[in-house]
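Chemist: Using only what follows, build the 3D model:
(2 chains)
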Amino acid sequence: MSLGRMPRWAWALVVVGAWILAWWLMKGSHTLALPGREHTDLHNEMTGWRNDLIAGRDDNPLMQFTGNVAEGALNAVDWLQRMLSKPNYPRPVPEIGWLGLLGIMMWIAHAVAGWKYAVLTGSVMFVAAVMGLWADAVDTLIVTLLSVICAVVIGLPIAVLIGTSDWANRIIGVILDLMQTMPTFVYLIPVVLFFGTGAPAAIVATLVYALPPLIRVAGFGIRQVSPTAIEATDSMGQRAWQRLFKVQLPMARRTIIVGLNQTTLAAFAMAVIASYVNGPGLGRPVVAALQIADIGRGLVPGAMLVLLAIMLDRTTTAASERPEQLARIGGGNRRLRWAGLAVGLVVVVVMIQMSRFYSWAATYPSTGWSSDLADGINKFSSWVVDAIGGVSEAFKDLVSYGLLNPMQSVLAESPWFVSGAAILLLAVVIGGFRTMATTVAVVGWVVACLAGIWYLDLWHDTMITLNMVLVATLLTMILAVIFGVWMARRPTVDLLLRPVLDMGQTIPPFVYLVPVLYLFDQTRFTAIFAAIVYAAPVAIKLVADGVRGVPETTLEAGRSAGSTAWQEITKVQLPMASRSLVLAANQGLLYVLSMVVIGGMAGAGALGYDVVLGFSRFEEWGKGLAAGLSIVLLGIMLDRIFRAAAVTGSAAPVRRRSRRNATAEEESTDRDAPLAVTG
Amino acid sequence: MKNRWNRGVQLLGVSACLALVLAACGDGSIDKATDENKDAQAECGGDGELNLAVNPWVGMAADAYVVGTLAEQELGCKVNYKELKEDVSWQEFKSGGVDVVIEDWGHPALEKQYFAEKGDGSAEDFGSTGNIGIIGWYVPPWLAKEHPDILDYKNLNKYADKFKTSESGGKGQFLGSDPSYVQFDEAIVANLDLDFKVVFSGGEAASITAFQKAEKNHEWLIGYFYDPQWLLAEIPLEKVALPEYTDGCQDDPAKVACDYPETDLKKVVSTSWSSDGGAMVDLVKNFTWKNEDQNLVAKYIADDKMSPEDAAKKWIKENPDKVDAWLGR
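Modeler: Next up is the predicted model:
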């Protein structure tokens, strides 16, 4: 099917033109706007439902079950904290002080990954001690560890299920999509209701966020196990469980470990958000600093989080490669290795013992360096703000008045049925008409999502949020194309930019909210800017990889025909990488969407604000939940449109990818290829 | 070869034992502190632990850390500070996750759910903190000085143009605050026919930054603010007069057209915790102070960048008479 002779962008222009005309004729009517503190019957009903749950929490079996789970998690975390991070009262210090735990961690790193990683672990943790962040850093590790253990216990069986059964793969795939389009703050609302606050809520919220990568990547790994190997062993008459435990799982081991690594990093990304419900860890100083608008005091623990993430990432990656590495050098001198570990163990036991009896080894003496460093950062950043304050203000006004306000006016001030119809038509123009099936799917998804948004009574706020999301994605894509092409064409640029992008992806978004607030005030642009910082790295990487994937022969052909660099980029590289561009836009969009709620805390209003409102005011709970669900529907709708757009004219289905584990799947396919051959 | 390994293992074992014995000598300071804590814990009452909610404004942290530090230093309690929003804190009273909300600005919906008269009785009013909460509309001092008539709401429309920003959709911008605070500004604006749009800053820090910037650069700004708040010690914001508060004028949130009442800030505690009794319950019961006291501690934290613990310790040292009264000495 095709759209006839007119190109897609012309059809899109026609739709937008009609939309603007309709807006001009009917603007301000039927916008379904709901003022900040008003709610509808639906919202009150949801609030009432919550109130009944709380009132009946003593005899409601579900509440009792979740209550018991929460208590178990609380006790486990509390016990670990008393052992490792907080005073085991009446003892003024934990049972094992910093010196002892440092020894334990270094010994484990040495045993599983090698001495280099023991040094890395030791130095990162030592920095935590010197900076006075020891207890918080250890708490973060405890919550991460418990969440990852739960993720493995729950996730691996599901991964096996989707790895071995097609229908399970399809159904669970949809649920995972849903879990991954949902901004993290949205599920904090029900999590707090059922699991209370503190460590249990932190673990459950982290689990919801960190589970999908493991299930997806591990399931993918099990699927990829070569059918020849399965057939060969099947012919020997093995049972299903033997096939699973002796063939499929061992052969997918490396991919499963990649999934585990992704899950660990995802769990880390939740550290700051979890502290909004009093979850223990490094998020607490970050949030406290945000409260007194102190850039430096937020950045120091934020940087510590990045260091910890690097430590875990590198060590687990090395650990997964270790057995093969050892096998390659013939196992090395095994005796020597064991002897080294034994001596190390004795040293560690002595360190533990010292940390139990000497107060300097129990808690690191306070240095005040953390505070000095924070003050230094503050001085530097206020200098930067003074220097570029005027320019940033002008840029904000340019985007706000030039792009944000007019677009918002058309989206949100049109009658709801005009905006809804226009969105549906645009979705068809962008994503439809490739095959019958995709067209039907796009129309179905968009209609269902729009109907849901309408039903939730927050149409006007949803349109304002949609506008911000679109503008942020647009700016993200402009950056992604510029830097992506530059990185693909110049290896040195790639080398320099990649670490910066990695950092942008790992540093918690709250950390840069304060400086951005200083630059752009409490505006929608602040939220957009923060979202771009968060979303641009992944989009840039995807564009760079796509452009680099254009075959050299094609480029040579163009060059021999005498094309200039500009022609080469616009006529060859970008068109041939168009699928990567769509993918980058989709990923960027989902990242931007996950920042909507955080934007609501920085003056962006709309759905993000509604979620924060519902989260913080008892009587607004229903409205907050409705806003959260609206964000989810918005995400699903946009994601489906982009997916349909990514399907090429040949109707070949694009490989499904979703945010967060996009790189993981890529890695896993790359790494998997040789394994399948040798197997 | 075998012999050498055996000897190595023996050597390792002996040196390990020696090292362990040496390491266990210690300086004894940890054991001593443990014993002291054990003695003190009995005095505290209850299970010896005090769980204080810290809601997201610095003033509340000032109250919580002064009471918490005293409970720790003088009564030997183990104090846990829980950083939570208000309604979640109340939800935790029953499970014992939170014992005390030390500063409550009035939450009728929460009282209905959790107070004994209408709800499940897991929470109770524990008396005033002595602080008077004054919520209202404020402008930076330079503006009040140059245009004194702005301090009456009737003149606000005259200046609405000056308050325009990129966010306010052609009207004047009114800066709302953290969503968890008690706010009726949208209703007030609508019901008084003011040509303004409420834009929410999203948090206390964002509002403070905005007022600091407005005073420094002489920008036009009007917004929601409150006393006690440490910023007022640094920049004396001026309050805009709204129609006077009368009883019941804020009962229907959609129809509010009057100023905020002066709120007697109160302590709300868990009933199961207070019924256990003990020294920490008496301390919380006796705790009252003035707005100036709170503003001073909050300024130590937010402006002088002291840790809340250090700020509380400093104030306690400077005010022995007040502290002794709370401790019943």
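Chemist: okay, the closest residue to chain B within the stretch 201-350 of chain A: pLDDT?
Modeler: At 3.8 Å from chain B, A:A293 is the closest residue in the stretch 201-350 of chain A, using Cβ to the nearest Cβ. (Glycine included, C-beta is placed from N, CA and C.) A:A293 carries a pLDDT score of 74 in this model.
Chemist: Make sure it is actually in contact with B:I208.
Modeler: Yes - A:A293 lies in contact with B:I208 (Cβ atoms under 8 Å); the separation is 6.2 Å.
Chemist: Count the neighbours of the residue of the stretch 201-350 of chain A closest to chain B for me.
Modeler: 22 (other Cβ atoms under 10 Å in any protein chain shown).
Chemist: Also A:V346?
Modeler: 16.
Chemist: repeat for A:S578
Modeler: Neighbour tally, A:S578, other Cβ under 10 Å: 13.
Chemist: ok, now how distant is it from A:G599?
Modeler: Relative to A:G599, A:S578 is positioned 30 Å away (Cβ to Cβ, to the nearest Å).
Chemist: Pop out the phi and psi values for B:V269.
Modeler: Main-chain torsions, B:V269, degrees, to the nearest 10: phi -130, psi 170.
Chemist: what are the bridge partners for it, then?
Modeler: Partner residues in beta bridges with B:V269, using DSSP bridges, are B:V100, B:E124.
Chemist: what's the pLDDT at it?
Modeler: Turning to B:V269, the model gives it a pLDDT of 94.
Chemist: and it, what does it touch?
Modeler: Contacts for B:V269 (Cβ atoms under 8 Å, 6 or more residues apart in numbering or on different chains) come out as B:F93, B:D99, B:V100, B:V101, B:A123, B:E124, B:F126, B:V284.
Chemist: any idea which of those is the one closest to chain A?
Modeler: Using Cβ to the nearest Cβ, B:F93 comes nearest to chain A of those, at 11.2 Å.
Chemist: mind checking the SS state of the closest one?
Modeler: What DSSP: H, G, I helix; E, B strand; the rest coil gives for B:F93 is coil.
Chemist: Tell me how far it lies from A:G103.
Modeler: Taking Cβ to Cβ, one finds B:F93 at 41 Å from A:G103.
Chemist: And for A:G340?
Modeler: According to Cβ to Cβ, A:G340 and A:G103 sit 15 Å apart.
Chemist: So those two - more neighbours on which side?
Modeler: Per other Cβ under 10 Å, whichever of A:G340 and A:G103 has more neighbours is A:G103, with 22 against 14.
Chemist: For the helix or strand where that one lies, which helices and strands make contact with it?
Modeler: Secondary structure from DSSP states H and E places A:G103 in helix A:98-113. Under the contact criterion of 3 or more Cβ pairs under 8 Å, 6 or more residues apart in numbering or on different chains; DSSP states H and E, helix A:98-113 touches helix A:115-130, helix A:295-328, helix A:334-357, helix A:359-362.
Chemist: tell me the mean pLDDT for that helix?
Modeler: Mean pLDDT, helix A:98-113: 92.
Chemist: Distance to chain B for the helices and strands packed on helix A:98-113 - can I get that in a markdown table?
Modeler: Conversion of the helices and strands packed on helix A:98-113 to a markdown table gives the following (distance: least, Cβ to the nearest Cβ, whole Å):
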| stretch | distance to chain B |
| --- | --- |
| helix A:115-130 | 17 |
| helix A:295-328 | 8 |
| helix A:334-357 | 3 |
| helix A:359-362 | 5 |
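Chemist: Quick check: the residue of the stretch 201-350 of chain A closest to chain B is in a helix.
Modeler: No - looking at A:A293 with three-state DSSP, it is coil, so not inside a helix.
Chemist: what's near enough to touch it?
Modeler: Here A:A293 is in contact with A:V514, A:L517, A:Y518, B:A205, B:A206, B:I208, B:T209 (Cβ under 8 Å, 6+ apart).
Chemist: shouldn't the fourth one be in contact with A:V287?
Modeler: No - the criterion here is Cβ under 8 Å, and B:A205 misses it with A:V287 at 10.4 Å.
Chemist: Looking at those two, which is more packed in?
Modeler: For B:A205 versus A:V287, neighbours defined as other Cβ under 10 Å are more numerous around B:A205 (25 against 19).
Chemist: about what we covered before: so which of the contacts of A:A293 belong to helices?
Modeler: A:V514, A:L517, A:Y518, B:A205, B:A206, B:I208, B:T209 (DSSP state H).
Chemist: Without its sequence neighbours, what residue ends up closest to the fifth one?
Modeler: With Cβ to Cβ, 6 or more residues apart in numbering or on different chains as the criterion, B:A206 has its nearest non-adjacent residue at 4.9 Å, and that residue is A:Q522.
Chemist: neighbours around B:D264, how many?
Modeler: Residues near B:D264, counting by other Cβ under 10 Å, number 15.
Chemist: next one: B:L194
Modeler: 18.
Chemist: and it, what element?
Modeler: Per DSSP H and E, there is no helix or strand for B:L194.
Chemist: so what pLDDT did residue 263 get?
Modeler: Since no chain was named, I'll use chain A. Per-residue confidence (pLDDT) for A:T263: 85.
Chemist: other chain: chain B
Modeler: 86.
Chemist: How about it: which residues does it bridge to?
Modeler: Beta-bridge partners, per DSSP bridges, of B:T263: B:G133.
Chemist: dump the residue contacts of it.
Modeler: B:T263 is in contact with B:W105, B:G106, B:I132, B:G133, B:I134, B:I135, counting by Cβ under 8 Å, 6+ apart.
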